[in-house]
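Participant: sequence plus predicted model, see below.
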Amino acid sequence: MNKRLLAFMFLLSMMMLSFTITAHADDSPDSVESGDESLSSDYSQDFDDFEEFEEFDDFDEEPYDETTDQIERARVLEVEEPSGPVNSDDFYSETLAVRIVFLSGDQRGEEIEAINTVTGNPSYDFDLSPGDRVLVNTIELQGQTEVHVVEFLRDFHIYIVLGIFLALLVLLGGKKGIKTIFTLGLTLFLLLRVLIPGLLAGYSPILLTIGISFIITVTTILLVGGRNIKSYAAIIGVLGGVFIAGLIAYVVGGQINLTGLSSQESMMLMYIPQDVDFNFGGLLFAGIIMGALGAVMDVGMSIASAMEEIRLVDPSISTKKLILAGMNVGKDIMGTMANTLILAYIGSLIPILLLFTAYQEPFISIINMDIIATEVIRALAGSIGLILSIPLTAVSAGVLRDKLKPQKVSLTSDEISE
């Protein structure tokens, strides 16, 4: 029976993936067309500001040799100090000379003068010191070669932290740690090589997200937990909770006219070279699904695993008591995990909340802003999905225990009275 269920789940995941790939998003934007009028009125000024991006087309007329445009690593040797205003409120533009030595590419080991443009705005400026490692962009413009500092080098330390993370997974998790690494790799592959390219190609974000979420959940839980009742119950609880969260966010978002355009990055998607007609409501749905999937998966697997341990310790326990035990475990998890989702979303809004507080913005104005309402619905929908995954997992584990692997034990007095 277990093999049949596993084969059915595998077949269903492949069918969903095939359907996701073949279903194009041409019809999907219709779901947000009803909000076009409100979108145009609320954001007309913002969209007018972005019309300046069309001016970038003028650069095509300039002689620019893209074949010489390359990014290389470098180390800073000398830095020219800026002579602009000391007051941080005064923005200006100044080009500084920076002496660097290349650490990669054909010019490795060569010292050269690079350009570091400062404006007085800490969001865009690089406060360079001798010894800093940076990325530089070498371009040939109108027959002249220029080298510009474009970013600090950060990947080396990121790889160190990643190595520590993977080493701890293997040392503490053993075989399951190795399986976890594989599932992480699969998740990243599906997100970066399937979801993102699929969205850029114009496929439906809703179908893509549902298909990828299904594959990630089934693969991760079966690899980590094995083919057993525990894993099957966790899969049912996780998928049920996540899709309920997405459904709530999508329906409520449509009712309160959430556009999915609450950030500058979302609005900039309207001007990308691929000229994709994005379903921004669907993108919001996809973000909520992906944001809640990890936390809900943690809850579902924890409850199913705890119930399995209880059953192994006391094989004679009744299904009703087993479900109640799973619910009790879920209640303890629920409080901390709900806080985890809320804190994660609120944490990203701290700078905006500080601005509102500093300018004494009224609460009624704050709560009705698109960007705030979007994050509130995102957090609440994810938390609702997390809470509902608890009974779904507990009941599924109890029912599957009776259907797939009934325990032939003598009834206790408690079970007879029930």
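Facilitator: Yep, it's here.
Participant: what comes up buried for stretch 196-209?
Facilitator: 198, 199, 202, 203, 204, 205, 206, 207, 208, 209 (16 or more other C-beta atoms under 10 Å). Just so you know, the C-beta spots here come from the backbone N, C-alpha and C atoms, and that holds for glycine as well.
Participant: where do the helices sit along the chain?
Facilitator: With DSSP state H as the criterion, the chain has helices at 2-22, 36-49, 155-189, 196-200, 205-225, 229-255, 264-268, 280-313, 319-347, 350-358, 363-367, 370-404, 413-417.
Participant: turn those helices into CSV, including mean pLDDT and distance to residue 148.
Facilitator: What follows is the helices of the chain, written out as CSV (pLDDT from 0 to 100; distance: least, C-beta to C-beta, whole Å):
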stretch, mean pLDDT, distance to residue 148
helix 2-22, 45, 40
helix 36-49, 42, 26
helix 155-189, 92, 19
helix 196-200, 90, 27
helix 205-225, 90, 35
helix 229-255, 89, 41
helix 264-268, 77, 22
helix 280-313, 88, 33
helix 319-347, 84, 33
helix 350-358, 87, 28
helix 363-367, 89, 40
helix 370-404, 88, 33
helix 413-417, 37, 76
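Participant: tabulate these (JSON lines), appending distance to residue 71.
Facilitator: Formatted as JSON lines, these follow (distance: least, C-beta to C-beta, whole Å):
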{"stretch": "helix 2-22", "distance to residue 71": "33"}
{"stretch": "helix 36-49", "distance to residue 71": "29"}
{"stretch": "helix 155-189", "distance to residue 71": "12"}
{"stretch": "helix 196-200", "distance to residue 71": "21"}
{"stretch": "helix 205-225", "distance to residue 71": "30"}
{"stretch": "helix 229-255", "distance to residue 71": "38"}
{"stretch": "helix 264-268", "distance to residue 71": "21"}
{"stretch": "helix 280-313", "distance to residue 71": "29"}
{"stretch": "helix 319-347", "distance to residue 71": "31"}
{"stretch": "helix 350-358", "distance to residue 71": "29"}
{"stretch": "helix 363-367", "distance to residue 71": "41"}
{"stretch": "helix 370-404", "distance to residue 71": "33"}
{"stretch": "helix 413-417", "distance to residue 71": "69"}
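Participant: my guess is residue 279 contacts residue 203. True?
Facilitator: No - the criterion here is C-beta atoms under 8 Å, and residue 279 misses it with residue 203 at 10.0 Å.
Participant: please name the nearest non-neighbouring residue to residue 135.
Facilitator: Of all residues not flanking residue 135 in the chain, residue 151 sits nearest, at 4.5 Å (C-beta to C-beta, 6 or more residues apart in numbering).
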